[in-house]
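Peer 1: I'll drop the sequence and a predicted model, then ask my questions.
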Amino acid sequence: MVGRKLTLEELPPVMLALSGIAGIGPMGIYRLFQGDFVIAIVDAVAVTGFALIAWSVYVKRAVRVPSICMAFVAITAAVTSVSIKGGSQIVWMYPALVALFYLMKPKEAAVAAVVSIAIVLPVIFDGRPVGESAAYLASFGVTICLSVAFAALTAEQRRELHAASLSDALTGVGNRRALDDTLDRAIAVAPRTDAPFVLIMLDIDHFKSVNDAHGHTIGDRVLAEIAQTILGHARPTDACFRAGGEEFVIVAGASSLVQAQKLAERLRIAITELEFPATGATSPFGVTASFGLAEHRAGETRDALYKRADDALYEAKRSGRNRLHISERTASLCGTATHEALMIEDTASTNDSTVEAAGVAS
């Protein structure tokens, strides 16, 4: 936890909280020494609130509720200061109004801004020329409009950056971080939904020789086309990721082991049918892939599930490549009938693919 990097969602509330502490803290100390105890207390409450909120975001990884709390603390502190000290504190309304639109949804921020301005209206018009009071109101309006525009822009940029951070640049499928997030969510909801899911791991056979013989440009094309092949065969409940190098992972949601095996076999065949331009040769070349499958078990962690699928993939490689292997500990839970179903499906497949399970020879 120490020294962890903030996410794009966590960054705005934490930075605003630290800015509030840096800006209000010294003023609170100054007011305390000046004997202005009431406002000093308001400043102390605001600084304490900002610190607690920043801590909550950093430690508990919560964003929505702490952001709303910080918006409330900021605008309440500003309104209280104006109400107690009068027009000399109006300048604090501007950063508070801006903060609202970075911490809350636009409609929520707009309502909070209007209510806050309405509360300080008596102070704005108290003993001031109409023109001066109107200037304050106009400047508040401009501040709100600019805040809306900038908040919308930065929100869109955060969404784009977040999407990019979860996507593999070469293939367009999810990256390892997205895979981990997806598995964590699937494991979290599994006890409530009782929906099975299977991890399908596939690795392109002898991919290094493809790069060595044809160059990395062709190798990148192989990766991209295989990713598209996976997406073309995936169901709406499936999610595809590039775990690294030439390894892809499919989280087959709402899927039994038999259904996932059928999907993997279709993909295996489809990959063998792909053709790629060969460097220095007239005829194209093809590739194959090996598959490892593991069905999630109740109470199983992400790392444990991933290791079982990886072990199954290694066994498929060891047994000759271009084939499927099912995690033995998964297969042992499926019963003889499931074993037979898997073997029947595999016998009907092409290219001598074999499905291996506990107690079943390839």
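Peer 2: Received it, and whenever you're ready, just let me know what you need. Residues are numbered from 1 along each chain as shown.

Peer 1: mind checking the end-to-end distance for stretch 272-286?
Peer 2: Using CA to CA, to the nearest Å, the end-to-end distance of stretch 272-286 comes to 6 Å.

Peer 1: Model confidence for residue 254, exactly?
Peer 2: Per-residue confidence (pLDDT) for residue 254: 86.

Peer 1: helices and strands around the helix or strand encompassing residue 159, which ones?
Peer 2: Secondary structure assignment for residue 159, by DSSP states H and E: helix 130-165. On a contact count with 3 or more CB pairs under 8 Å, 6 or more residues apart in numbering; DSSP states H and E, helix 130-165 meets helix 93-103, helix 106-125. Bear in mind the C-beta positions are built from the backbone N, C-alpha and C, glycine included.

Peer 1: Compute the distance from the centre of the longest one to the centre of its chain.
Peer 2: The offset between the C-alpha centroid of helix 106-125 and the centroid of the whole chain comes to 35 Å, using CA atoms, centre = their mean, to the nearest Å.

Peer 1: rewinding a little: of the helices and strands packed on helix 130-165, which stretch is the most buried?
Peer 2: Each of the helices and strands packed on helix 130-165 was scored by mean neighbour count; the highest is helix 93-103, a mean of 22, by mean count of other CB atoms under 10 Å.

Peer 1: gap between that helix and the chain center?
Peer 2: 26 Å.

Peer 1: Dump that helix to PDB, restricted to CA.
Peer 2: C-alpha atoms of helix 93-103 as PDB (Å, rounded to 0.1, in the frame of the first residue of the first chain):
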ATOM      1  CA  MET A  93     -16.000  31.100  -3.100                       C
ATOM      2  CA  TYR A  94     -14.200  30.800  -6.400                       C
ATOM      3  CA  PRO A  95     -12.000  27.800  -5.700                       C
ATOM      4  CA  ALA A  96     -14.800  26.200  -3.900                       C
ATOM      5  CA  LEU A  97     -17.100  26.600  -6.900                       C
ATOM      6  CA  VAL A  98     -14.500  25.100  -9.200                       C
ATOM      7  CA  ALA A  99     -13.900  22.200  -6.900                       C
ATOM      8  CA  LEU A 100     -17.600  21.300  -7.000                       C
ATOM      9  CA  PHE A 101     -17.500  20.500 -10.700                       C
ATOM     10  CA  TYR A 102     -14.400  18.300 -10.300                       C
ATOM     11  CA  LEU A 103     -15.800  16.300  -7.400                       C
END
